[in-house]
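Novice: following is a predicted model, sequence given first.
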Amino acid sequence: MVQVWYMDTEETDQRLEHHRNPPAYLELEDLYQKTGVEYFKINADEYQSDNTLTELRAQRGYTYDDEITCSEKCLPDYANKLKAFFTEHLHTDEEIRLILDGSGYFDVRDNEDNWLRIKVVKGDLIIIPAGIYHRFTLDINNFIRTRRYFVGEPVWAPHNRPADDMDCRKSYIKHQSENFVQFNKV
């Protein structure tokens, strides 16, 4: 099951847990209300036939998917790619990730601009809304294999912070002020 906590402000190795002292965890419902990030548990070994994923794909219109493995052995230009993933940014579309193997962290900003760290492991599917500032890093295991889902052809253009004038950011802030009550309603 996914774990979420408030991060400390240390600037040591980004792959460490970075808990506050004392640790401050967040429930999934609170994560959604503060950020709009959604979580689903998927059978990673049989994801092609997983009912939850099938329903999500149909409801949200995810028509394209691919797979990426992030590890020193598998990812060309590994060090620079990790730096790019860890640079705070947003996207104009949702970021949908299903963890097939390994583990890592997605960091997202809450409504008070604090970092929340989301630890993802095999079987976790998270949907990061368009317009939220976020970043990704591997953990100390240095390995993750992920399916990425898109509406139509993949658009993976990060817009580094600040990007507050973008329409997707303005829309995100509006939904955040409403605690995401009407967010992603079909």
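Specialist: Perfect, thanks for sending it.
Novice: what's in contact with stretch 34-54?
Specialist: 1-2, 26, 28, 31-32, 56, 98-101, 106, 108-111, 116, 118, 122-129, 132, 147, 172, 175-176, 180, 183-184 (C-beta atoms under 8 Å, 6 or more residues apart in numbering). For every residue, glycine as well, the C-beta is placed using N, CA and C.
Novice: one more time with 7 Å
Specialist: 2, 28, 31-32, 56, 98-100, 108, 110-111, 116, 118, 122-129, 132, 147, 175-176, 180, 183 (C-beta atoms under 7 Å, 6 or more residues apart in numbering).
Novice: got any ranges where the chain has weak pLDDT?
Specialist: Along the chain, segments meeting pLDDT under 70 span 182-186.
Novice: ok, which stretches of it are strands?
Specialist: Assigned by DSSP state E, the strands in the chain fall at 3-6, 38-41, 64-71, 89-90, 95-109, 115-121, 124-128, 134-138, 143-150, 159-160.
Novice: what angle do the longest one and strand 115-121 make?
Specialist: Think strand 95-109. With axes from the mean of the first three to the mean of the last three C-alpha atoms, to 10 degrees applied, the angle from strand 95-109 to strand 115-121 works out at 140 degrees.
Novice: mind listing what's buried along strand 95-109?
Specialist: Neighbour-count burial for strand 95-109, with 16 or more other C-beta atoms under 10 Å as criterion, is recorded at 95-100, 102-109.
Novice: before we move on, what about stretch 29-47?
Specialist: 31-40, 42, 44, 47.
Novice: cool, and stretch 9-18?
Specialist: 14-15, 18.
Novice: can you give me the end-to-end span of stretch 126-139?
Specialist: Chord length of stretch 126-139, first to last residue, is 17 Å (C-alpha to C-alpha, to the nearest Å).
Novice: residues contacting it, please?
Specialist: 14-15, 35-39, 70, 82, 85-97, 103-109, 118, 120, 144, 161, 168-169, 171-172.
Novice: re the thing from before, dump the strands of the chain into a markdown table; add distance to residue 52 as well.
Specialist: Formatted as a markdown table, the strands of the chain follow (distance: least, C-beta to C-beta, whole Å):
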| stretch | distance to residue 52 |
| --- | --- |
| strand 3-6 | 20 |
| strand 38-41 | 5 |
| strand 64-71 | 15 |
| strand 89-90 | 26 |
| strand 95-109 | 10 |
| strand 115-121 | 16 |
| strand 124-128 | 8 |
| strand 134-138 | 23 |
| strand 143-150 | 13 |
| strand 159-160 | 30 |
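Novice: count of neighbours near residue 28?
Specialist: 15 (other C-beta atoms under 10 Å).
Novice: need the contact list for it.
Specialist: Contacts of residue 28 by C-beta under 7 Å, 6+ apart are residue 39.
Novice: quick one: distance of stretch 141-159 to the chain centre.
Specialist: 10 Å (C-alpha atoms, centre = their mean, to the nearest Å).
Novice: and it, what's buried?
Specialist: 142-150, 158.
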